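> Structural data only, the sequence is not supplied:
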């Protein structure tokens, strides 16, 4: 358990160190177009970002749910129900 915590903390530290480089990826032309689009354009951009976040979050939640279900079933010593049943 301690080794897992150590690895997770190393990954988090690496992500924090790499974060300033990610902020530099905004293109000036995209920024200017978004800034000049007005309130309707800003709302459309916000909605677009939310819509684009839905599939990855759904996949992530599904994988975590499956892992949680398998963890609980393996601890109880019972087998998962087969999908055919």
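Structure's in. What do you need? Source: prediction; values computed, not measured.

> What ranges does the protein have for its helices?
Taking DSSP state H, the helices of the chain run over residues 2-23, 28-35, 38-76.

> export those helices to JSON lines and tack on mean pLDDT and mean neighbour count?
All C-beta atoms are positioned from the backbone trio N, CA, C, and that covers glycine. Formatted as JSON lines, the helices of the chain follow (pLDDT from 0 to 100; neighbours: other C-beta atoms under 10 Å):
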{"stretch": "helix 2-23", "mean pLDDT": "81", "mean neighbour count": "9"}
{"stretch": "helix 28-35", "mean pLDDT": "79", "mean neighbour count": "10"}
{"stretch": "helix 38-76", "mean pLDDT": "88", "mean neighbour count": "10"}
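
> Quick check, central residue of the protein?
Nearest residue to the geometric centre of the chain (C-alpha atoms, centre = their mean): residue 57, 5.7 Å.

> how near is that residue to residue 31?
Remark: distance between residue 57 and residue 31 (C-beta to C-beta, to the nearest Å) = 25 Å.

> what does residue 15 give?
Counting by C-beta to C-beta - residue 15 and residue 31 are separated by 24 Å.

> Equivalent analysis for residue 18, please.
Counting by C-beta to C-beta, the gap from residue 18 to residue 31 is 21 Å.

> same thing with residue 47?
Residue 47 sits 19 Å away from residue 31, going by C-beta to C-beta.

> for residue 36, phi and psi?
phi -90, psi 0 (degrees, to the nearest 10).

> What's the local residue count around it?
8 (other C-beta atoms under 10 Å).

> before we move on, what about residue 1?
Residues near residue 1, counting by other C-beta under 10 Å: 5.

> Let me see the confidence value for residue 26.
Note on residue 26: pLDDT of 69.

> hang on, I meant residue 85
In this prediction residue 85 is given a pLDDT of 53.

> Great, nothing more from me.
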